[in-house]
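Novice: Turn this into a structure:
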Amino acid sequence: ILTILKPFESVSLDSKMNNRAISFFWNHRQFSTLIPTSRTVRLYPLGFCGPKNVYSNWNPRNLLNNFDNRMQAPVRYLFQDALIFKSGDDDFQTKGMSTGTVLTFCRLFCPRRLSFDLGHSPVSNNGLRKIKLHHDASNEDVLTKETKPTPINFRKLSQECNSLSDVLDAFSEAPTFPSSNYFSAMWTIAKRMSEDQKRFGKQLMFDHPAFTQLCEHMMREAKIMHYDDVLFSLHAIVKLGIPQNTLLVQTLLRVVQERINECDERCLSVLSTVLEAMEPCKNVDVLRAGLRILVDQQIWKIERVFTLQAVMKCIGKDAPIALKRKMEMKALRELDRFSILNSQRMFEVLAAMDHRSIILLNECSKKVLGDIHGCPFRILMSILQSCKDLRYRNLDLFKGIADYVATTFDIWKSKQVLFLLILFENLGFRHPHLMDLFMKKVVDEPDFLNMQSVVSVLHVYSSLNHTYRCLTQERFLDAMASALTAYLHHISSENLLNAVYSFCLMNHFPLAPVNQLLQKDIVNELLTSGDVERNVRKLHVLTTCLQLDDTSYHKATDFTLPSLPSTPSRPNAKVAEALRSLLGEGCFSENVQLPHNYHIDFEIRMDTNRSQVLPLSDVDAVTSATDSQRVGVLCVPRSTYCLDSNHPRGFLAMKMRHLKVMGFYVILVKNWEMEKLRMEDAVTFLKSEIYSSEDLPTADVNFQSTC
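Specialist: Residues are numbered from 1 along each chain as shown. I've put the predicted structure just below:
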């Protein structure tokens, strides 16, 4: 007859040896009554025991894939608060236990189809069912039939059920262990739904009377489930939208923490995916820290590239740099095994780590370009966004993507092309052919432009300083002005300012938007809310353009703008030294402040033919004579040009246009190229630019497009 083992206290080695001997033989005798001596019993680390011949073919890692084959044991027992010692005989064989291991359990539970809720258990509520164990096969078969649980497979369940509520109905009718299968089945069903169906199905799930009971079962069973079951359950629960601060989610997080050493490669992948989808909290942060330690120990044992990338994406931007480099080295070792999907995903992975590995990015860029045709739009967006986050500039990659989109332009939606152009602008990359195609699309089919699209298109084309040197350019600006005018009745002040500022960079001034922007109430709103400093700077640009450019707007502005904060300018020291060597002292001035908030790094006075440099006096530094030519030298950074080109971006092109109106001949000196030159070469370069007989290109020439 089975009885509940009473807990007792262990006795120290220094206490009475007789009590220890008595306790040992008493336990041995009790076990001899529980377990047939003719059968071999295996003890498992979680406290399950059963006949060896039943568990011999059990693969503990196939719970989700082969549940029917695994649930073959006629009896599963859980002991608590009972001391189980390993005997010296061969009657007991332990797995995962050392010789001195002592397992502590509480009471004897009969195996059940449910969880620990005795109201649903095959064991009666009045007490444990008494079962007489004999060694004959007939009684053992009876025991097997009485206690064998009904198998359940989450894949079969997800196929038989059409909604989340159907799964809960199946659970309420005949709950079975483990509860993880129900959550996995619900998530499998939810993935097949549309967003509206998913939203309605989740609401019904939360309102279902069996949902709370399923959550309680899940919490009770978490400590005795296989580790991968717990992880799959947590993944499904998070994806189903169960709040992260609930007791269920936090309980599973604690269980995953306590048993994290049970992680194999498959579990690492699932755990990484789960943590990536969760918001930071104390338990998530602790678990992420534990994952980093585990990955640091097992990184060289990871075999699958997708698992490696999932772990790399999960460890976070604040992971130790040593761990990031170790994972980078592991990825480089596996580079030959990268598929096209692995190469496409590596950009996003490195961005999530905030780790710019130029070697990895270059190699993955080659593989992406080698199979660019058919690449989904989402992947292209992810690659470009990751390049922006990583500050990775690869002209070949950007040109290959733009060429592909331009070649297949007709199959893309206009908004998709616009999103790509916005990312290209963020990267400073200008592809004339693609931008020309999109410009024609706007002129021919302007209906797709909503208010935000108008602002975005204007920003892209003005920032990259792109125009079309044909009639299409004028038609494009007119189409954009008409689209903006149509939204003036409900556009925000900030969006209106951004749009008009973009028109100013492109030397175009539509009357209706400008008139509305210059109203006192809108100007006051811009000067008192939002990013005031940025708004003031853009309003200064507008007033400057209205004064210097040839516009049809002749109404004077009747408001006063606050002065812009002075930005300290440090002229290029190498250029200053080269000018002293070339011209001598007193023939140029440094850091010259001009009207309209402009300044130039160096100013030189020359005769009208620009054949002779004139010495500067105090008066000449302030006023200009009619018989002299003012030469302005601008030392510009790389960011003022489009990527790897001589094409100036919008603000620099506007400044050059305004300096010409103010009577300057402008010489552009690229800082990054000047630093590479020896002093002799720098002097030669400046001499050729200062005494050049060529005229300054007009602003329109800088818009390098062809008809």
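Novice: got the contact list for stretch 274-286?
Specialist: In this structure, residues lying in contact with stretch 274-286 by Cβ atoms under 8 Å, 6 or more residues apart in numbering are 231, 234-235, 238-239, 244-245, 250, 253-254, 257, 287-288, 291, 310, 313-314, 352. From N, CA and C alone the C-beta is placed, and that goes for glycine too.
Novice: Mark which of these are buried, thanks.
Specialist: Buried members of those, scored by 16 or more other Cβ atoms under 10 Å, are 231, 234-235, 238-239, 244, 250, 253, 287-288, 291, 310, 313-314, 352.
Novice: got the buried residues for stretch 628-644?
Specialist: For stretch 628-644, burial by neighbour count (16+ other Cβ under 10 Å) applies to 629, 630, 631, 632, 633, 634, 635, 636, 640, 641, 642, 643.
Novice: Outline the domain layout of this structure.
Specialist: The record's domain parsing of the chain by automatic domain parsing lists 17-147, 154-407, 573-702.
Novice: Pipe the ones you listed into CSV and attach mean pLDDT and distance to residue 493 per row.
Specialist: What follows is the domains of the chain, written out as CSV (pLDDT from 0 to 100; distance: least, Cβ to Cβ, whole Å):
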stretch, mean pLDDT, distance to residue 493
domain 17-147, 38, 56
domain 154-407, 92, 28
domain 573-702, 84, 22
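Novice: between the ones you listed, which one is nearest to residue 427?
Specialist: Within the domains of the chain, the stretch nearest residue 427 is domain 154-407; the backing value is 5.7 Å (Cβ to Cβ).
Novice: what about the closest one, distance to the chain center?
Specialist: Mean-position distance between domain 154-407 and its chain equals 12 Å (Cα atoms, centre = their mean, to the nearest Å).
Novice: deepest of the domains of the chain, which one?
Specialist: Comparing the domains of the chain by mean neighbour count (mean count of other Cβ atoms under 10 Å), domain 154-407 ranks first with a mean of 18.
Novice: I'd like to know which elements whatever helix or strand residue 189 lives in is packed against.
Specialist: Under the assignment given by DSSP states H and E, the secondary-structure element containing residue 189 is helix 180-191. Counting contacts by 3 or more Cβ pairs under 8 Å, 6 or more residues apart in numbering; DSSP states H and E, the secondary-structure elements packed against helix 180-191 are helix 154-160, helix 164-173, helix 195-207, helix 209-221, helix 227-239.
Novice: Helix 195-207 and that one, what's the angle between them?
Specialist: Orientation note: helix 180-191 sits at an angle of 150 degrees relative to helix 195-207 (axes from the mean of the first three to the mean of the last three Cα atoms, to 10 degrees).
Novice: Assign residue 634 to helix, strand or coil.
Specialist: When classified by DSSP: H, G, I helix; E, B strand; the rest coil, residue 634 comes out as strand.
Novice: Does residue 272 touch residue 308 like I think?
Specialist: No. Counting by Cβ atoms under 8 Å, residue 272 sits too far from residue 308 to count as a contact (9.8 Å).
Novice: Put together a markdown table for the helices and strands packed on helix 180-191, with distance to residue 410 on each row.
Specialist: As requested, the helices and strands packed on helix 180-191 are exported to a markdown table (distance: least, Cβ to Cβ, whole Å):
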| stretch | distance to residue 410 |
| --- | --- |
| helix 154-160 | 40 |
| helix 164-173 | 41 |
| helix 195-207 | 29 |
| helix 209-221 | 49 |
| helix 227-239 | 37 |
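Novice: which one of those helices lies closest to residue 426?
Specialist: helix 195-207 (28.6 Å).
Novice: and the closest one with helix 164-173, angle?
Specialist: Orientation check (the same axes, to 10 degrees): helix 195-207 against helix 164-173 gives 30 degrees.
Novice: Dump the helix holding residue 189 to CSV, keeping only the CA atoms.
Specialist: Listed in CSV are the C-alpha atoms of helix 180-191, where the atom choice follows Å, rounded to 0.1, in the frame of the first residue of the first chain:
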residue,chain,number,x,y,z
SER,A,180,2.4,25.0,-22.5
ASN,A,181,0.8,23.2,-25.5
TYR,A,182,-2.3,25.3,-25.1
PHE,A,183,-0.4,28.6,-25.2
SER,A,184,1.7,27.4,-28.2
ALA,A,185,-1.5,26.4,-30.0
MET,A,186,-3.1,29.8,-29.4
TRP,A,187,-0.1,31.6,-30.7
THR,A,188,0.0,29.4,-33.8
ILE,A,189,-3.6,30.2,-34.4
ALA,A,190,-3.1,33.9,-33.8
LYS,A,191,-0.3,34.1,-36.4
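Novice: For that helix, give me every contacting residue.
Specialist: 63-64, 67, 152-155, 157-158, 161-164, 167-168, 170-171, 198, 201-202, 205, 214, 218, 221, 225, 229-230, 232-233, 235-237, 239-240.
Novice: How about stretch 458-473?
Specialist: The set of residues that contact stretch 458-473 without belonging to it, under Cβ under 8 Å, 6+ apart, is 418, 421-422, 424-425, 428, 430, 432, 435-436, 439-440, 443, 476, 480, 484, 498-499, 501-503, 505-506, 642, 647-650, 652-653, 700, 702-703, 705-707.
Novice: hmm, 6 Å instead?
Specialist: Contact with stretch 458-473 is made by 421, 425, 430, 435-436, 439, 480, 499, 502, 505-506, 649-650, 653, 703, 705, 707, as judged by Cβ atoms under 6 Å, 6 or more residues apart in numbering.
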